[in-house]
Structure formats: structure tokens, C-alpha cells
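Engineer: The sequence isn't on hand, but the structure is:
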């Protein structure tokens, strides 16, 4: 059984779908990217590194370069979307909704 409390969205290039999954039996929290051109979408990549709790928010920069994620472990993580490399992590209280500015230079969140 799995739940997906975070948004599910198309990339701005309409090539893939990004979603955060939480598998409740084994407590695996991950972000997956699926190839949208397949009739049954195949996983392009999945990352579960760096999470200790449910992923509850995602935001993708308009140019598909940066991905921000928030978690119930009170962190916001910023990733290079193309490589999946973790760029930085911020400790914040109760991050929920995330948004990156149109030029990708600012990140806002609601608690």
C-alpha cells in the first residue's frame, strides 16, 4: 500500500511526470520521475536518499533545472533535477507548500 501526499505534476517540457511516494509498510519515501511517452509509464529514476519522513511537497523550477522537496522531518531539500544530485538542505519548522520563483533564484514555503 502506498500514499502520495505530495503533488503529482508534468514537467514543463511535458516529457515526464514527477511524484512523491510513501510506502507505508516499509517506510520508503521517494521521488520518482516517469517517462510520459510510454503507454505504461516507466520509471526514469527514483531517489530515496536523504529522507527520514514523509515527503509532503514538491516544486519544479520553470526551466526544469531545480527540484525542491519538503518533508515531515522539517527539512527542505534542493536538487539538481537532471542529475538528481542533492544541492543543499534547509532545516525549517513544518514546511508544506513550496514554490520556486520564475527565475529560480528564490524559494518560498508555507508552514
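Structural biologist: Arrived safely, thanks for sending. Note that the structure is predicted; figures quoted are calculated from it, not measured. Residues are numbered from 1 along each chain as shown.

Engineer: residue ranges of the strands in this structure, please?
Structural biologist: For the chain, applying DSSP state E gives strands covering 2-3, 8-10, 16-23, 28-35, 43-47, 55-60, 66-71, 75-80, 86-91, 97-100, 107-110.

Engineer: Just name the most buried of those strands.
Structural biologist: Ranked by mean neighbour count under mean count of other C-beta atoms under 10 Å, those are led by strand 66-71, which reaches a mean of 24. For the C-beta atoms, the positions are set from N, CA and C on the backbone; glycine is no exception.

Engineer: what pairs with that one, and is each one parallel or antiparallel?
Structural biologist: strand 55-60 (antiparallel), strand 75-80 (antiparallel) (DSSP bridges).

Engineer: can you pull the contacts of residue 105?
Structural biologist: Residues counted as contacts of residue 105 (C-beta atoms under 8 Å, 6 or more residues apart in numbering): none.

Engineer: same thing but 10 Å
Structural biologist: Residues in contact with residue 105 (C-beta atoms under 10 Å, 6 or more residues apart in numbering) are 61, 66.
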